[in-house]
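Visitor: got a predicted structure plus its sequence, pasted below:
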Amino acid sequence: MRVPFGERVLTGIVVAGEPRPAPDGLRQVLEVLDEEPVCPPELLATAERVADRFFASTGEVLKSALPARLPASGAVRYRITEKGALGAASAAPEERPILERLASGESVRVVDIPGEGRGRLSAVRALEERGWIRPASGARLRAPRVELAYDLGPLRGAEMESALGRGRKGREAVAFLLALGRPASGAEIRAATGAGTALLRDLVAKGLLRSFEQDRRSAGTGTTAGQSRFEPTAAQAMAIDAITAAIRERRYFPALLEGVTGSGKTEVYLRSIRAALDAGRGAVWLVPEIALTPVFARELARQFPEDAAVLHSALSERERAQAWDRVRAGRARAVIGPRSAAFAPVPDPGLFVVDEEHDASYKQRESPRYDAREAVALRAKQAGAALVFGSATPSMEAYSAARRGRLAHLRLPERIAARPLPRVEIVDLRRQAARPDEKGIPLFSAPLVARLSEVFARGEQAILLQPRRGFAPFLLCRDCGHDFRCSRCSVSRTVHDRGRTLVCHYCGERAPRPLRCPECGGGVLEAIGAGTERVADRFAELFPGVAHAVLDRDTARRRGAASAIVESMIRGSTACLIGTQMVAKGHDFPGVTAVGVLSADTMLNFPDFRASEKTFQLLAQVAGRAGRGDTGGTVHVQTFHPEHPAIRRASEHDVAGFAATELEFRRAFFYPPFCELAALLVSSADRDRAEETAAVLARALASSSSALRLSGPAPAPLERLLGKWRFQILLRGTDRRAVLAALGAAVPERAPAGVQIAVDVDPQDLM
Ligand code: ADP
Ligand code: ZN
């Protein structure tokens with residue numbers, strides 16, 4: 001609705017209350033924009049709980065949950081048609097006033113049509129379906145050409161008998177479909193047996209029927225939905241059965257699906273989605289970055305043509321709003337998308353899948369700092385749904401929850417067709433001599449070059465991981481050691497454009513690379529280290545004529561670019577994919593037989609308690625891209641720390657071994673999952689004011705509870721960003737409510753002028 005707010009007019013969402021006129025002294029609502037609630041009650045409740053959980057406001061959470069521009073259903077205008085004018089006399093009583101209001105021929109908004117709420121809306125829809133009125137704008141409340149159809153569900157024989165029970169009409173409906181030998185529309189079934197919508201829905205819930213929407217024009221022809229391509233393996237079948245049972249029984253079933261790379265987790269997701277739809281329920285499938293996984297979206301659309309909705313990050317606002325509307329109306333019940341799809345308004349969700357559960361992108365870095373994994377967990381609990389966290393390298397949180405029995409532990413211990421995991425060779429960079437044409441440490445070690453030559457000679461493919469983008473991480477003056485820091489952030493700028501530009505990766509500030517050092521006037525400036533650009537250049541020198549592509553945030557910036565690069569690997573027109581973390585994410589390229597990690601150490605050096613975990617995950621994930629076809633694969637990991645447990649365990653594909661060491665460290669130093677953690681960041685252009693506010697805040701937190709552990713305030717690892725000085729406080733405790741209560745008591749509603757306070761509950765990085 002639109003409401004006056006001071007001098008302005010704002011759009012708001014009604015979360016509770018009854019409509020009544022404003023008492024004296026209060027201002028009236030200007031306009032009600034929607035006939036039906038924009039946000040289903042289930043989601044409103046979720047948004048409120050997510051807000052509480054992450055110390056955000058409900059409004060903020062709703063704003064990131066809802067598409068930016070929802071078409072207001074009440075604003076759609078209607079006009080009467082000739083048919084409507086002729087039929088007016090024979091209209092139903094509730095329809096008559098509508099036709100009278102439109103009789104003059106002008107177009108009228110739904111909100112201005114006589115009647116109220118759902119009653120008015122269904123009358124409008126009924127008239128529209130008969131072609132008596134039509135939308136004036138071309139927009140529609142609802143595509144009128146679809147209808148619900150039913151087919152037999154998975155139950156047969158004795159199972160069917162016992163599910164049928166004694167109901168006569170139910171039996172007749174099932175017998176009718178058995179005799180017919182094809183799906184039928186709800187209208188056909190009712191005409192033949194008298195079974196109404198409520199009864200049919202009940203039969204669907206029992207697993208006797210499955211329902212889907214079909215085009216009215218194709219009525220009677222059944223669906224053309226593509227089926228799954230494989231018979232599940234025994235391990236897959238066990239996981240699918242456990243998930244399916246929970247969906248049918250409407251039972252909350254949180255599970256970790258731990259499956260090595262290439263073990264067929266995707267097939268488990270797809271079959272579980274089918275089970276949810278067969279039970280008449282919906283499904284939400286979260287993926288870290290949908291542009292990188294076009295294959296998943298395509299497979300979903302192939303298997304469930306009527307039901308799939310892809311909430312692509314490249315959708316326009318309008319497309320996003322349309323997709324949201326289709327989902328809310330129950331016309332698309334299987335949704336795939338990134339973090340924000342956690343709020344997809346699927347009615348009666350029976351399944352939530354979080355693929356690559358360990359991925360940090362599920363946590364929003366800006367306000368509201370919510371975690372999509374937590375949001376879907378809240379929804380699943382509420383709805384009595386299955387909740388599947390899938391990963392080959394689970395987060396320590398999920399792994400320890402599975403160990404303690406808080407998540408069911410489903411496992412796919414082997415690759416499909418018993419393909420072996422690739423052999424991993426750790427290359428100790430300290431022992432690699434530079435080649436005559438390179439200075440210092442070689443980018444490509446001798447064993448890696450030998451292996452790549454072999455792979456390309458056989459026409460196979462390779463992936464090379466270099467965790468930094470750009471040409472080189474920094475520029476150094478050989479004479480005075482000046483390192484060209486950003487003027488606003490406390491980091492050195494990265495060399496880009498083959499050495500021509502300097503870019504700050506935090507604020508984006510760009511400058512041409514100077515010819516001389518601004519400090520000492522020296523002329524010998526050297527680009528130190530390597531990013532993806534330099535690796536690609538060196539690759540072209542070593543393997544002339546071998547087609548390669550670079551995938552990182554720079555090359556993926558253009559809309560559609562990332563999926564184009566991924567598709568070129570699938571087609572085989574690219575022989576080598578070079579890139580950052582983005583090359584490690586869930587791809588299934590059967591032609592890849594070699595993986596090279598040019599530097600495994602970048603993440604290890606991050607000042608973050610998750611540095612080891614992130615390194616382990618990245619290495620195990622990228623290693624998992626090798627040997628997924630029939631030919632087997634190898635991985636070379638180049639490092640200066642060959643003995644580090646994260647690197648060792650990743651090379652052995654040993655999740656349990658890594659988790660044992662890592663969880664011990666987390667317990668000893670009181671880090672998640674053994675504590676509840678909140679990070680407070682105080683920033684200001686004025687260093688003293690930031691420091692002072694942080695000190696006041698820390699005192700308030702200390703006095704609000706003695707059971708909590710406080711660290712800081714201390715300068716944040718990234719001490720200055722965009723010209724602002726940053727101080728960090730960490731708050732830890734064993735009880736989540738105590739942490740939230742302390743925050744509530746200590747964090748002021750408004751920060752002092754010129755100072756910002758950001759609260760991050762369950763932070764994923766501490767920069
Ligand atoms: P993960 O997601 O666990 O890394 P994928 O789901 O990508 O693994 O599966 C690996 C490969 O095995 C894919 O090419 C997939 O099509 C194939 N696959 C999955 N399940 C089966 C099965 N039951 N039979 C044969 N092939 C399968
Ligand atoms: Zn900067």
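Guide: Okay, I see it. Ligands and ions are numbered 1, 2, ... in the order given.
Visitor: can you give me the separation between G531 and G596?
Guide: 15 Å (CB to CB, to the nearest Å). Every residue, glycine included, has its C-beta placed from N, CA and C.
Visitor: near ligand 1, which residues of the stretch 301-450 of the chain? Just list them.
Guide: Within the stretch 301-450 of the chain, the positions near ligand 1 by CB under 6 Å from any ligand atom are I416.
Visitor: can you check the stretch 151-300 of the chain too?
Guide: Proximity of the stretch 151-300 of the chain to ligand 1, by CB under 6 Å from any ligand atom, involves residues 230-233, 236, 259, 261-267.
Visitor: from these, which is closest to ligand 2?
Guide: Closest approach to ligand 2 among these (CB to the ion): T261, at 36.2 Å.
Visitor: what average pLDDT does the strand or helix carrying L256 get?
Guide: Using DSSP states H and E, L256 falls within strand 253-259. Per-residue pLDDT values over strand 253-259 give a mean of 97.
Visitor: S107: neighbour count?
Guide: Counted with other CB atoms under 10 Å, residues neighbouring S107 total 15.
Visitor: longest strand anywhere in this structure?
Guide: Secondary structure of the chain read by DSSP state E shows that its longest strand is strand 709-721.
Visitor: where in the stretch 301-450 of the chain is pLDDT low?
Guide: For the stretch 301-450 of the chain, applying pLDDT under 70 flags the ranges 313-314, 434-441.
Visitor: tell me where it has helices.
Guide: Along the stretch 301-450 of the chain, the segments classed as helices by DSSP state H, counting those that start in this stretch run 317-328, 372-383, 396-403, 446-457.
Visitor: the shortest one to helix 372-383, inter-axis angle?
Guide: Counting by axes from the mean of the first three to the mean of the last three CA atoms, to 10 degrees, helix 396-403 lies at 40 degrees to helix 372-383.
Visitor: got the contact list for helix 396-403?
Guide: Helix 396-403 has contacts (CB atoms under 8 Å, 6 or more residues apart in numbering) with 256, 258, 357-358, 389, 391, 394, 407-409, 613, 655, 659, 662-663, 666, 672-673.
Visitor: switch the cut-off to 10 Å
Guide: In this structure, residues lying in contact with helix 396-403 by CB atoms under 10 Å, 6 or more residues apart in numbering are 254-258, 354, 357-358, 373, 389-391, 393-395, 406-411, 609-610, 612-613, 616, 655-656, 658-659, 662-663, 665-667, 671-674, 762.
Visitor: picking up where we left off before, PyMOL command for the buried members of the residues of the stretch 151-300 of the chain next to ligand 1?
Guide: Burial among these is assessed by 16 or more other CB atoms under 10 Å; the matching PyMOL selection reads:
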select buried, resi 232+233+236+259+261+262+263+264+265+266+267
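Visitor: let me know the pLDDT of the residue of the stretch 151-300 of the chain found nearest ligand 2.
Guide: Here the stretch 151-300 of the chain gets closest to ligand 2 at one residue, E289, 24.5 Å apart by CB to the ion. Looking at E289, its pLDDT stands at 80.
Visitor: identify the residue nearest the geometric centre of this structure.
Guide: With distances taken as CA atoms, centre = their mean, the residue of the chain nearest its centroid is P338 (2.4 Å).
Visitor: top helix in the chain by residue count?
Guide: Under DSSP state H, the helix in the chain containing the largest number of residues is helix 687-704.
Visitor: buried set for it?
Guide: Buried, per 16+ other CB under 10 Å, within helix 687-704: R687, R689, A690, E691, E692, T693, A694, L697, A698, L701, S704.
Visitor: in this structure the fifth one contacts P752, no?
Guide: Yes - the pair E692 / P752 is scored as a contact, 8.5 Å apart, by CB atoms under 10 Å.
Visitor: which neighbours do the two share?
Guide: Residues touching both E692 and P752 (CB under 10 Å, 6+ apart) are V682, S684.
Visitor: how near is A457 to A575?
Guide: Counting by CB to CB, the gap from A457 to A575 is 11 Å.
Visitor: these two: which is more packed in?
Guide: Taking other CB under 10 Å, A457 and A575 do not tie; A575 has more neighbours (22 against 9).
Visitor: for that one, what are its contacts?
Guide: For A575, the contacting residues are 452, 455-456, 459-462, 543, 545-549, 568-569, 591-592, by CB under 10 Å, 6+ apart.
Visitor: and the residue of the stretch 301-450 of the chain closest to ligand 2?
Guide: Going by CB to the ion, ligand 2 is nearest to R365 of the stretch 301-450 of the chain, at 16.7 Å.
Visitor: circling back: so what are the sheet partners of the longest strand of the chain and their directions?
Guide: strand 724-733 (antiparallel) (DSSP bridges).
Visitor: next SSE after the strand it pairs with?
Guide: From strand 724-733, the next helix or strand downstream (DSSP H and E) is helix 736-746.
Visitor: the residue in the stretch 601-750 of the chain positioned nearest to ligand 2: how many residues sit nearby?
Guide: Nearest to ligand 2, among the residues of the stretch 601-750 of the chain, is L722, at 6.5 Å (CB to the ion). Using other CB under 10 Å, L722 is surrounded by 15 other residues.
Visitor: secondary structure element holding the residue nearest to it when sequence neighbours are not counted?
Guide: Of all residues not flanking L722 in the chain, C507 sits nearest, at 4.8 Å (CB to CB, 6 or more residues apart in numbering). Per DSSP H and E: C507 is located in neither a helix nor a strand.
Visitor: likewise the one 10 residues further on?
Guide: Assigned by DSSP H and E, C517 falls within no helix or strand.
Visitor: send the alpha carbons of the helix or strand of the chain with the lowest mean pLDDT over as PDB?
Guide: Ranked by mean pLDDT, DSSP states H and E, the weakest helix or strand in the chain is strand 8-11, scoring a mean of 72. The C-alpha trace of strand 8-11 is given here as PDB (Å, rounded to 0.1, in the frame of the first residue of the first chain):
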ATOM      1  CA  ARG A   8       7.100  11.700   1.300                       C
ATOM      2  CA  VAL A   9       4.800   8.900   0.000                       C
ATOM      3  CA  LEU A  10       6.200   5.400   0.600                       C
ATOM      4  CA  THR A  11       5.300   1.900  -0.400                       C
END
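Visitor: any stretches of this structure with poor pLDDT?
Guide: If you take pLDDT under 70 as the line, the chain has these spans: 19, 33-37, 69-76, 117-118, 137-146, 191, 214-226, 313-314, 434-441.
Visitor: near ligand 2, which residues of it? Just list them.
Guide: For the chain, the residues in contact with ligand 2 (CB under 5 Å from the ion) are C486, R488, C489, C504, Y506, C507, E509.
Visitor: gap between P763 and ligand 2?
Guide: P763 is 21 Å from ligand 2, where distance means CB to the ion, to the nearest Å.
Visitor: that residue: how many residues sit nearby?
Guide: By the criterion of other CB under 10 Å, P763 has 22 neighbours.
Visitor: not counting its neighbours along the chain, what's nearest it?
Guide: P763 sits nearest to A679 (CB to CB, 6+ apart), 4.3 Å away.
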